[in-house]
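Peer 1: return a 3D structure for these sequence lines:
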Amino acid sequence: MKRFLFSCLLIFFLLPGCTSLQVKREVVDNTLYSSANPKLQIKVSSEFEYLGEIKDVGDRKSVGGTRMLTNWSKWYIFVDPEGSRAARVVSIKLERTETRYTSDLFGWAKIFYGKGTCQLGGKSFQFFSRRIYPSMSVASFKYITEKGYVLPRCAINKRFARAYGAKNNILVDITCLEDLSELPYSCSDWSPDSVLQQDQIEYIEQFNSNCDNSFAVLKYEAGKEIYTTADNYKSETKKFKTSDKSEQKAEKYIIIQSRQPIFKAGKVIFYALEGDTLDIILEKTCLSGTGICWKVKCRRTGGTGYVVETMIRKNHQVIEREEKYKKTKKTEKSTLIVENKAETISFFDEKTSKEWLILTDSRQVDYNTASNLCKSKVSDTGYIYRLPSPDEFKDLFKRNKGTDSLSIFEGKTYMTDSLGKVYPVVFSFTSGSSDKGFSLTARVACISTD
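Peer 2: Model prediction:
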(Lines give C-alpha, C1' and ligand atoms only; values in the text may rest on other atoms or scores of the structure.)
Protein backbone atom coordinates (compact mmCIF):
# COMPACT_ATOMS: atom_id res chain seq x y z
CA MET A 1 0.00 0.00 0.00
CA LYS A 2 2.79 2.40 0.94
CA ARG A 3 4.65 1.62 -2.30
CA PHE A 4 1.48 2.23 -4.33
CA LEU A 5 0.92 5.59 -2.59
CA PHE A 6 4.53 6.62 -3.27
CA SER A 7 4.16 5.72 -6.97
CA CYS A 8 0.93 7.68 -7.30
CA LEU A 9 2.44 10.74 -5.66
CA LEU A 10 5.46 10.56 -7.95
CA ILE A 11 3.33 10.20 -11.08
CA PHE A 12 1.02 12.97 -9.82
CA PHE A 13 3.87 15.45 -9.69
CA LEU A 14 5.81 14.45 -12.77
CA LEU A 15 2.85 14.37 -15.15
CA PRO A 16 2.07 16.64 -13.18
CA GLY A 17 -1.27 15.23 -11.94
CA CYS A 18 -2.93 11.87 -11.20
CA THR A 19 -6.35 13.17 -12.15
CA SER A 20 -5.53 14.87 -15.46
CA LEU A 21 -2.93 13.52 -17.87
CA GLN A 22 -3.34 16.52 -20.20
CA VAL A 23 -2.11 19.11 -17.71
CA LYS A 24 1.17 20.62 -18.85
CA ARG A 25 4.04 22.67 -17.57
CA GLU A 26 6.21 24.00 -20.35
CA VAL A 27 8.42 26.94 -21.27
CA VAL A 28 7.53 28.88 -24.43
CA ASP A 29 9.31 32.13 -25.38
CA ASN A 30 10.98 32.32 -21.96
CA THR A 31 7.60 31.98 -20.21
CA LEU A 32 6.77 29.05 -17.93
CA TYR A 33 3.13 28.05 -18.39
CA SER A 34 1.66 25.94 -15.57
CA SER A 35 -1.94 24.83 -15.99
CA ALA A 36 -1.59 22.49 -13.00
CA ASN A 37 -1.84 23.60 -9.38
CA PRO A 38 -0.66 26.30 -9.13
CA LYS A 39 -2.05 27.82 -12.31
CA LEU A 40 0.31 30.64 -13.21
CA GLN A 41 2.76 32.00 -15.74
CA ILE A 42 6.26 33.20 -14.97
CA LYS A 43 7.92 35.25 -17.70
CA VAL A 44 11.71 35.59 -17.61
CA SER A 45 13.45 38.53 -19.30
CA SER A 46 14.69 37.99 -22.86
CA GLU A 47 18.21 38.80 -21.59
CA PHE A 48 18.27 35.21 -20.27
CA GLU A 49 18.62 32.00 -22.27
CA TYR A 50 16.49 29.01 -21.31
CA LEU A 51 18.74 26.01 -20.62
CA GLY A 52 16.08 23.39 -19.88
CA GLU A 53 14.33 21.56 -17.03
CA ILE A 54 15.47 18.96 -14.53
CA LYS A 55 13.67 16.69 -12.08
CA ASP A 56 14.86 15.72 -8.64
CA VAL A 57 13.55 13.55 -5.82
CA GLY A 58 15.09 14.00 -2.39
CA ASP A 59 14.52 13.60 1.31
CA ARG A 60 14.69 16.25 4.03
CA LYS A 61 14.02 16.31 7.75
CA SER A 62 10.69 17.57 9.03
CA VAL A 63 10.65 20.83 11.01
CA GLY A 64 10.72 18.92 14.27
CA GLY A 65 13.45 16.62 12.97
CA THR A 66 11.44 13.50 13.88
CA ARG A 67 11.01 12.05 10.37
CA MET A 68 12.29 12.19 6.80
CA LEU A 69 10.01 13.68 4.15
CA THR A 70 10.19 13.09 0.40
CA ASN A 71 10.13 16.09 -1.96
CA TRP A 72 9.51 15.95 -5.72
CA SER A 73 11.06 18.92 -7.51
CA LYS A 74 11.16 20.24 -11.05
CA TRP A 75 13.50 23.10 -11.98
CA TYR A 76 13.40 25.45 -14.99
CA ILE A 77 16.80 27.08 -15.53
CA PHE A 78 17.68 30.36 -17.30
CA VAL A 79 21.15 31.94 -17.59
CA ASP A 80 22.52 35.29 -18.77
CA PRO A 81 25.91 34.19 -20.13
CA GLU A 82 29.09 36.17 -20.58
CA GLY A 83 31.14 33.80 -22.69
CA SER A 84 31.34 30.53 -20.78
CA ARG A 85 30.47 32.25 -17.49
CA ALA A 86 26.95 32.19 -16.03
CA ALA A 87 26.99 35.82 -14.88
CA ARG A 88 23.33 35.77 -13.84
CA VAL A 89 20.88 32.94 -13.24
CA VAL A 90 17.12 32.75 -12.80
CA SER A 91 15.71 29.39 -11.70
CA ILE A 92 12.10 28.42 -11.04
CA LYS A 93 11.48 25.41 -8.82
CA LEU A 94 8.10 23.74 -8.37
CA GLU A 95 8.18 21.34 -5.45
CA ARG A 96 5.68 19.00 -3.79
CA THR A 97 6.17 17.59 -0.30
CA GLU A 98 4.53 14.74 1.60
CA THR A 99 3.03 16.95 4.31
CA ARG A 100 2.87 20.76 4.23
CA TYR A 101 5.19 23.75 4.23
CA THR A 102 5.51 25.92 7.33
CA SER A 103 4.11 29.46 7.35
CA ASP A 104 7.61 30.96 7.62
CA LEU A 105 9.27 29.47 4.55
CA PHE A 106 12.66 31.02 5.32
CA GLY A 107 12.51 30.74 9.09
CA TRP A 108 15.79 28.84 9.03
CA ALA A 109 17.63 31.84 7.52
CA LYS A 110 19.40 33.69 10.33
CA ILE A 111 21.96 35.73 8.34
CA PHE A 112 20.78 37.67 5.30
CA TYR A 113 20.90 40.99 3.43
CA GLY A 114 17.14 41.36 3.39
CA LYS A 115 14.01 39.40 4.29
CA GLY A 116 10.27 40.06 4.08
CA THR A 117 7.18 39.74 1.89
CA CYS A 118 6.22 41.21 -1.47
CA GLN A 119 3.45 41.00 -4.06
CA LEU A 120 4.07 39.00 -7.25
CA GLY A 121 1.21 38.46 -9.68
CA GLY A 122 -1.28 39.65 -7.06
CA LYS A 123 -0.10 37.03 -4.53
CA SER A 124 1.99 37.40 -1.39
CA PHE A 125 5.47 35.87 -1.66
CA GLN A 126 8.16 35.63 0.99
CA PHE A 127 11.72 36.58 0.03
CA PHE A 128 15.21 36.75 1.43
CA SER A 129 18.68 37.49 0.01
CA ARG A 130 22.16 36.44 1.08
CA ARG A 131 25.65 35.53 -0.10
CA ILE A 132 26.08 31.93 -1.22
CA TYR A 133 28.78 29.59 -2.51
CA PRO A 134 27.20 27.68 -5.44
CA SER A 135 27.54 23.96 -4.65
CA MET A 136 27.30 20.98 -6.97
CA SER A 137 25.08 19.32 -4.36
CA VAL A 138 22.29 21.63 -5.58
CA ALA A 139 20.62 20.11 -8.64
CA SER A 140 20.22 23.39 -10.52
CA PHE A 141 23.88 24.40 -10.11
CA LYS A 142 25.07 20.96 -11.18
CA TYR A 143 22.86 21.15 -14.27
CA ILE A 144 24.27 24.56 -15.26
CA THR A 145 27.86 23.29 -15.07
CA GLU A 146 26.92 20.17 -17.04
CA LYS A 147 25.71 22.51 -19.78
CA GLY A 148 29.22 23.97 -19.98
CA TYR A 149 28.84 27.15 -17.93
CA VAL A 150 31.12 28.24 -15.10
CA LEU A 151 29.39 29.43 -11.93
CA PRO A 152 30.91 32.16 -9.74
CA ARG A 153 32.84 31.13 -6.64
CA CYS A 154 30.54 33.30 -4.52
CA ALA A 155 27.33 35.03 -5.53
CA ILE A 156 24.45 37.08 -4.23
CA ASN A 157 21.23 35.10 -4.16
CA LYS A 158 17.61 36.19 -3.74
CA ARG A 159 14.71 33.76 -3.38
CA PHE A 160 10.96 34.34 -3.65
CA ALA A 161 8.67 31.55 -2.42
CA ARG A 162 4.99 30.84 -1.85
CA ALA A 163 3.15 27.69 -0.75
CA TYR A 164 0.12 26.69 -2.84
CA GLY A 165 -2.55 24.00 -2.62
CA ALA A 166 -5.31 23.25 -0.11
CA LYS A 167 -2.72 21.56 2.10
CA ASN A 168 0.09 24.08 1.47
CA ASN A 169 2.14 21.20 0.07
CA ILE A 170 3.20 22.76 -3.26
CA LEU A 171 6.00 25.31 -3.32
CA VAL A 172 6.88 27.86 -6.00
CA ASP A 173 10.47 28.99 -5.45
CA ILE A 174 12.01 31.61 -7.79
CA THR A 175 15.72 32.37 -7.42
CA CYS A 176 17.93 35.14 -8.82
CA LEU A 177 21.71 34.76 -8.67
CA GLU A 178 24.44 37.20 -9.70
CA ASP A 179 28.24 37.10 -9.59
CA LEU A 180 29.93 39.08 -6.80
CA SER A 181 33.35 39.31 -8.45
CA GLU A 182 32.87 42.70 -10.15
CA LEU A 183 34.02 44.59 -7.05
CA PRO A 184 37.50 44.10 -5.52
CA TYR A 185 36.39 42.23 -2.40
CA SER A 186 36.94 38.67 -1.22
CA CYS A 187 33.97 36.37 -0.68
CA SER A 188 34.32 36.76 3.08
CA ASP A 189 33.97 40.55 2.71
CA TRP A 190 30.42 39.97 1.45
CA SER A 191 29.18 38.27 4.62
CA PRO A 192 25.80 39.83 5.54
CA ASP A 193 26.89 40.15 9.17
CA SER A 194 30.03 42.17 8.30
CA VAL A 195 30.26 45.95 7.82
CA LEU A 196 29.64 46.59 4.11
CA GLN A 197 31.24 49.46 2.21
CA GLN A 198 29.13 52.00 0.32
CA ASP A 199 29.92 50.51 -3.10
CA GLN A 200 28.92 47.07 -1.79
CA ILE A 201 25.61 48.48 -0.55
CA GLU A 202 25.01 50.09 -3.95
CA TYR A 203 25.90 46.81 -5.68
CA ILE A 204 23.30 44.95 -3.59
CA GLU A 205 20.70 47.62 -4.37
CA GLN A 206 21.46 47.28 -8.08
CA PHE A 207 21.21 43.49 -7.81
CA ASN A 208 17.77 43.82 -6.20
CA SER A 209 16.68 46.05 -9.08
CA ASN A 210 18.12 43.64 -11.66
CA CYS A 211 16.39 40.72 -9.96
CA ASP A 212 13.02 42.48 -9.80
CA ASN A 213 13.25 43.23 -13.53
CA SER A 214 14.39 39.75 -14.56
CA PHE A 215 11.02 38.00 -14.21
CA ALA A 216 7.29 38.60 -13.75
CA VAL A 217 4.64 36.34 -12.18
CA LEU A 218 1.41 36.47 -14.19
CA LYS A 219 -2.07 35.05 -13.83
CA TYR A 220 -2.58 31.95 -15.98
CA GLU A 221 -5.14 32.41 -18.76
CA ALA A 222 -5.61 29.39 -21.01
CA GLY A 223 -5.43 30.18 -24.72
CA LYS A 224 -4.55 33.85 -24.22
CA GLU A 225 -1.34 35.77 -24.73
CA ILE A 226 -0.20 37.52 -21.55
CA TYR A 227 1.95 40.60 -22.08
CA THR A 228 4.16 42.52 -19.67
CA THR A 229 4.78 46.24 -20.00
CA ALA A 230 8.51 45.72 -20.60
CA ASP A 231 8.24 42.95 -23.19
CA ASN A 232 5.02 43.54 -25.12
CA TYR A 233 4.95 41.44 -28.28
CA LYS A 234 3.23 38.64 -30.13
CA SER A 235 5.49 35.81 -31.29
CA GLU A 236 5.83 34.55 -34.83
CA THR A 237 8.85 32.80 -36.36
CA LYS A 238 9.90 33.21 -39.97
CA LYS A 239 12.75 31.48 -41.80
CA PHE A 240 14.52 32.79 -44.86
CA LYS A 241 17.54 31.90 -46.98
CA THR A 242 20.87 33.71 -46.94
CA SER A 243 23.65 33.84 -49.49
CA ASP A 244 25.40 30.90 -47.83
CA LYS A 245 22.22 28.77 -48.25
CA SER A 246 21.70 28.31 -44.50
CA GLU A 247 18.35 29.04 -42.88
CA GLN A 248 18.30 32.12 -40.65
CA LYS A 249 15.83 33.72 -38.25
CA ALA A 250 15.27 37.40 -37.42
CA GLU A 251 14.21 38.82 -34.06
CA LYS A 252 12.30 42.08 -33.51
CA TYR A 253 11.04 43.53 -30.23
CA ILE A 254 8.59 46.30 -29.49
CA ILE A 255 10.36 49.59 -28.77
CA ILE A 256 10.43 50.79 -25.16
CA GLN A 257 13.26 53.34 -25.22
CA SER A 258 15.69 54.54 -27.86
CA ARG A 259 19.43 54.13 -27.43
CA GLN A 260 22.49 53.74 -29.59
CA PRO A 261 23.84 50.26 -30.46
CA ILE A 262 25.53 48.38 -27.62
CA PHE A 263 27.54 45.19 -27.38
CA LYS A 264 27.01 43.00 -24.31
CA ALA A 265 27.47 39.33 -23.48
CA GLY A 266 27.86 38.12 -27.05
CA LYS A 267 24.91 40.12 -28.39
CA VAL A 268 24.64 43.31 -30.41
CA ILE A 269 21.44 45.19 -29.61
CA PHE A 270 20.18 47.93 -31.93
CA TYR A 271 17.50 50.38 -30.79
CA ALA A 272 15.30 52.42 -33.12
CA LEU A 273 12.99 55.35 -32.53
CA GLU A 274 9.25 54.70 -32.71
CA GLY A 275 8.32 54.99 -36.35
CA ASP A 276 11.46 53.19 -37.56
CA THR A 277 11.72 49.63 -38.80
CA LEU A 278 15.07 47.86 -38.78
CA ASP A 279 15.83 45.53 -41.68
CA ILE A 280 18.64 43.04 -41.04
CA ILE A 281 21.03 42.19 -43.87
CA LEU A 282 23.38 39.25 -43.38
CA GLU A 283 26.61 40.67 -44.76
CA LYS A 284 29.91 40.26 -42.98
CA THR A 285 30.99 43.37 -41.06
CA CYS A 286 33.31 42.99 -38.09
CA LEU A 287 33.93 44.85 -34.85
CA SER A 288 37.63 45.66 -34.92
CA GLY A 289 39.84 43.16 -33.12
CA THR A 290 37.01 40.91 -31.90
CA GLY A 291 35.93 38.74 -34.82
CA ILE A 292 32.32 39.77 -34.10
CA CYS A 293 30.45 40.44 -37.32
CA TRP A 294 27.13 41.97 -38.37
CA LYS A 295 25.49 44.53 -40.63
CA VAL A 296 22.24 46.42 -40.04
CA LYS A 297 20.25 48.60 -42.40
CA CYS A 298 17.51 50.96 -41.13
CA ARG A 299 14.70 52.40 -43.21
CA ARG A 300 11.83 54.58 -42.03
CA THR A 301 8.39 53.09 -42.71
CA GLY A 302 6.20 54.80 -40.11
CA GLY A 303 3.92 53.06 -37.64
CA THR A 304 5.45 50.50 -35.32
CA GLY A 305 8.85 50.91 -33.72
CA TYR A 306 11.14 47.97 -33.02
CA VAL A 307 14.19 46.95 -31.07
CA VAL A 308 16.28 44.36 -32.87
CA GLU A 309 18.46 41.96 -30.90
CA THR A 310 20.92 40.02 -33.03
CA MET A 311 22.69 36.94 -31.72
CA ILE A 312 26.33 37.15 -32.76
CA ARG A 313 28.84 34.31 -32.71
CA LYS A 314 32.53 35.16 -32.75
CA ASN A 315 34.34 34.49 -36.03
CA HIS A 316 31.15 33.21 -37.67
CA GLN A 317 29.05 34.88 -40.32
CA VAL A 318 26.00 32.74 -39.59
CA ILE A 319 23.57 34.45 -37.20
CA GLU A 320 20.50 32.81 -35.65
CA ARG A 321 17.54 35.11 -35.13
CA GLU A 322 13.83 34.95 -34.39
CA GLU A 323 11.24 37.53 -35.41
CA LYS A 324 8.71 38.74 -32.83
CA TYR A 325 6.44 41.68 -33.43
CA LYS A 326 3.26 43.39 -32.28
CA LYS A 327 1.68 46.62 -33.41
CA THR A 328 1.80 49.38 -30.85
CA LYS A 329 -1.38 50.91 -29.50
CA LYS A 330 -2.12 54.51 -30.43
CA THR A 331 -1.24 56.95 -27.66
CA GLU A 332 -1.95 60.63 -27.16
CA LYS A 333 0.69 63.06 -28.36
CA SER A 334 3.37 63.49 -25.72
CA THR A 335 4.61 66.87 -24.54
CA LEU A 336 8.16 65.49 -24.70
CA ILE A 337 9.85 64.80 -28.01
CA VAL A 338 12.43 62.02 -27.83
CA GLU A 339 15.40 62.69 -30.05
CA ASN A 340 17.92 59.92 -30.58
CA LYS A 341 21.43 61.35 -30.12
CA ALA A 342 24.29 58.90 -30.64
CA GLU A 343 27.04 61.25 -29.46
CA THR A 344 29.63 59.68 -27.15
CA ILE A 345 32.72 61.48 -25.84
CA SER A 346 35.63 59.46 -24.46
CA PHE A 347 38.92 60.56 -22.90
CA PHE A 348 41.68 59.11 -20.73
CA ASP A 349 42.56 60.60 -17.32
CA GLU A 350 46.29 60.07 -16.84
CA LYS A 351 46.26 60.86 -13.12
CA THR A 352 43.90 58.01 -12.26
CA SER A 353 44.65 55.84 -15.34
CA LYS A 354 40.92 55.65 -16.02
CA GLU A 355 38.98 56.06 -19.24
CA TRP A 356 35.86 58.21 -19.08
CA LEU A 357 32.77 58.29 -21.27
CA ILE A 358 30.23 61.09 -21.55
CA LEU A 359 27.10 59.43 -22.94
CA THR A 360 24.06 61.11 -24.43
CA ASP A 361 20.53 59.77 -23.93
CA SER A 362 17.17 61.25 -24.87
CA ARG A 363 14.99 60.50 -21.83
CA GLN A 364 14.68 61.13 -18.13
CA VAL A 365 17.59 59.11 -16.72
CA ASP A 366 17.39 58.00 -13.08
CA TYR A 367 20.16 56.37 -11.04
CA ASN A 368 19.48 52.79 -12.14
CA THR A 369 19.12 53.74 -15.81
CA ALA A 370 22.36 55.73 -15.68
CA SER A 371 24.14 52.81 -14.01
CA ASN A 372 22.87 50.35 -16.63
CA LEU A 373 23.89 52.71 -19.44
CA CYS A 374 27.46 52.73 -18.16
CA LYS A 375 27.54 48.96 -17.65
CA SER A 376 26.28 48.36 -21.19
CA LYS A 377 29.33 50.00 -22.76
CA VAL A 378 32.40 48.05 -23.84
CA SER A 379 35.25 49.82 -25.66
CA ASP A 380 37.23 48.37 -28.57
CA THR A 381 40.17 48.02 -26.19
CA GLY A 382 38.14 46.02 -23.69
CA TYR A 383 37.23 48.68 -21.11
CA ILE A 384 33.97 48.18 -19.25
CA TYR A 385 32.34 51.00 -17.33
CA ARG A 386 30.40 51.94 -14.21
CA LEU A 387 28.99 55.08 -12.62
CA PRO A 388 31.70 57.05 -10.79
CA SER A 389 31.34 57.94 -7.15
CA PRO A 390 30.64 61.61 -6.31
CA ASP A 391 34.24 62.06 -5.12
CA GLU A 392 35.70 60.53 -8.30
CA PHE A 393 33.68 62.81 -10.53
CA LYS A 394 34.23 65.94 -8.44
CA ASP A 395 37.99 65.31 -8.51
CA LEU A 396 37.94 64.91 -12.29
CA PHE A 397 35.76 67.98 -12.75
CA LYS A 398 37.96 70.09 -10.46
CA ARG A 399 41.14 69.18 -12.38
CA ASN A 400 39.58 69.54 -15.85
CA LYS A 401 37.06 72.32 -15.33
CA GLY A 402 36.45 74.27 -18.51
CA THR A 403 37.46 71.54 -20.96
CA ASP A 404 35.11 70.80 -23.86
CA SER A 405 34.45 67.26 -22.64
CA LEU A 406 33.07 68.47 -19.29
CA SER A 407 31.64 71.87 -20.22
CA ILE A 408 28.10 70.50 -20.25
CA PHE A 409 28.39 69.77 -16.52
CA GLU A 410 29.19 73.39 -15.60
CA GLY A 411 27.11 74.64 -12.67
CA LYS A 412 25.50 71.32 -11.76
CA THR A 413 27.56 68.16 -11.76
CA TYR A 414 25.21 65.76 -9.98
CA MET A 415 21.53 64.87 -9.86
CA THR A 416 19.65 63.31 -6.95
CA ASP A 417 16.78 60.91 -7.67
CA SER A 418 13.64 60.27 -5.61
CA LEU A 419 15.48 57.69 -3.48
CA GLY A 420 18.24 60.12 -2.59
CA LYS A 421 20.87 58.53 -4.84
CA VAL A 422 23.31 60.94 -6.48
CA TYR A 423 24.69 60.33 -9.95
CA PRO A 424 26.61 62.31 -12.62
CA VAL A 425 23.98 63.38 -15.12
CA VAL A 426 22.84 66.71 -16.54
CA PHE A 427 19.56 67.35 -18.35
CA SER A 428 19.01 70.07 -20.93
CA PHE A 429 15.71 71.07 -22.55
CA THR A 430 15.23 72.60 -25.99
CA SER A 431 12.04 74.53 -26.71
CA GLY A 432 9.94 73.54 -29.66
CA SER A 433 6.72 74.80 -31.23
CA SER A 434 3.55 74.64 -29.15
CA ASP A 435 2.39 71.41 -30.76
CA LYS A 436 5.77 69.70 -30.35
CA GLY A 437 6.54 70.53 -26.74
CA PHE A 438 10.16 70.18 -25.61
CA SER A 439 13.05 67.89 -26.41
CA LEU A 440 15.19 66.40 -23.64
CA THR A 441 18.86 65.51 -23.65
CA ALA A 442 20.62 63.74 -20.77
CA ARG A 443 24.39 63.41 -20.49
CA VAL A 444 25.81 60.73 -18.21
CA ALA A 445 29.43 60.37 -17.04
CA CYS A 446 30.92 56.85 -16.80
CA ILE A 447 34.33 55.64 -15.59
CA SER A 448 36.22 52.48 -16.56
CA THR A 449 36.53 49.67 -14.04
CA ASP A 450 39.88 48.24 -12.94
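Peer 1: just checking, what packs against the longest strand anywhere in the chain?
Peer 2: Counting residues, the longest strand in the chain under DSSP state E turns out to be strand 68-82. When contacts are defined as 3 or more C-beta pairs under 8 Å, 6 or more residues apart in numbering; DSSP states H and E, strand 68-82 packs onto helix 2-14, strand 49-61, strand 85-97, helix 139-146. C-betas here are computed from N, CA, C, even on glycine.
Peer 1: give me the contacts around stretch 160-169.
Peer 2: 37-38, 96-101, 105-106, 118, 120, 123-127, 170-175 (C-beta atoms under 8 Å, 6 or more residues apart in numbering).
Peer 1: give me the buried positions along the longest strand of the chain.
Peer 2: 71-81 (16 or more other C-beta atoms under 10 Å).
Peer 1: and for stretch 190-209?
Peer 2: Buried residues in stretch 190-209 (16+ other C-beta under 10 Å): 190, 192, 196, 200, 202-208.
Peer 1: take the residues you listed and keep only those in helices.
Peer 2: Members of the buried residues of stretch 190-209 lying in helices (criterion: DSSP state H): 200, 202-208.
Peer 1: make TSV out of those and add pLDDT and distance to residue 52.
Peer 2: Converted to TSV, these look like this (pLDDT from 0 to 100; distance: C-beta to C-beta, whole Å):
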residue	pLDDT	distance to residue 52
200	88	34
202	89	34
203	89	30
204	90	30
205	89	32
206	90	29
207	91	25
208	89	27
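Peer 1: out of those residues, which one sits closest to residue 372?
Peer 2: Set against residue 372, the nearest of those by C-beta to C-beta is residue 206 (8.5 Å).
Peer 1: now that closest one, nearest residue through space, not along the chain?
Peer 2: residue 371 (6.1 Å; C-beta to C-beta, 6 or more residues apart in numbering).
Peer 1: is it true that the one you found lies in a strand?
Peer 2: No - assessed with DSSP: H, G, I helix; E, B strand; the rest coil, residue 371 is helix; it does not lie in a strand.
Peer 1: burial measure for it, as a count.
Peer 2: Counted with other C-beta atoms under 10 Å, the neighbours of residue 371 add up to 23.
Peer 1: cool, and residue 351?
Peer 2: Neighbour tally, residue 351, other C-beta under 10 Å: 9.
Peer 1: ok, now how distant is it from residue 105?
Peer 2: According to C-beta to C-beta, to the nearest Å, residue 351 stands 51 Å off from residue 105.
Peer 1: got it, and residue 370?
Peer 2: Taking C-beta to C-beta, one finds residue 370 at 35 Å from residue 105.
Peer 1: the two: who's more crowded?
Peer 2: residue 370 (23 against 20).
Peer 1: model confidence score at that one, please.
Peer 2: We have a pLDDT of 82 for residue 370.
Peer 1: with the one 4 residues further on instead?
Peer 2: As summarised for this prediction, residue 374 has a pLDDT of 85.
Peer 1: next, give phi and psi for it.
Peer 2: The phi/psi pair for residue 374 (degrees, to the nearest 10) reads phi -60, psi -40.
Peer 1: just checking, it touches residue 368?
Peer 2: No - with contact defined as C-beta atoms under 8 Å, residue 374 and residue 368 do not form a contacting pair (11.0 Å).
Peer 1: more neighbours, those two?
Peer 2: residue 374 (23 against 18).
Peer 1: what residues are up against that one?
Peer 2: By C-beta under 8 Å, 6+ apart, the neighbours of residue 374 are 357, 359, 385-387, 444, 446-447.
Peer 1: tell me where the model's unsure across the stretch 351-450 of the chain.
Peer 2: Residues of the stretch 351-450 of the chain meeting the criterion pLDDT under 70: 362-364, 379-382, 400-414, 417-419, 427-441, 450.
Peer 1: tell me where it has strands.
Peer 2: For the stretch 351-450 of the chain, strands defined by DSSP state E, counting those that start in this stretch occupy the ranges 354-361, 385-386, 415-416, 422-423, 425-431, 438-448.
Peer 1: of all those strands, which lies closest to residue 57?
Peer 2: Taking the strands of the stretch 351-450 of the chain one by one with C-beta to C-beta, strand 385-386 is closest: 43.5 Å.
Peer 1: what about residue 215, how many residues nearby?
Peer 2: Number of residues near residue 215 (other C-beta under 10 Å) recorded here: 24.
Peer 1: mind listing the helices for the protein?
Peer 2: 2-14, 139-146, 198-214, 367-375, 390-400.
Peer 1: contacts for the third one?
Peer 2: Helix 198-214 is contacted by residues 44-45, 47-48, 88, 90, 113-114, 129, 156, 158, 176, 178, 180, 182-183, 185, 189-190, 196, 230, 368, 371, 389, 421 when judged by C-beta under 8 Å, 6+ apart.
Peer 1: likewise the second one?
Peer 2: Contacts made with helix 139-146 from outside it, assessed by C-beta under 8 Å, 6+ apart, are listed as 51-52, 54, 56, 73, 75, 77, 79, 86, 89, 91, 93, 134-136, 151, 175.
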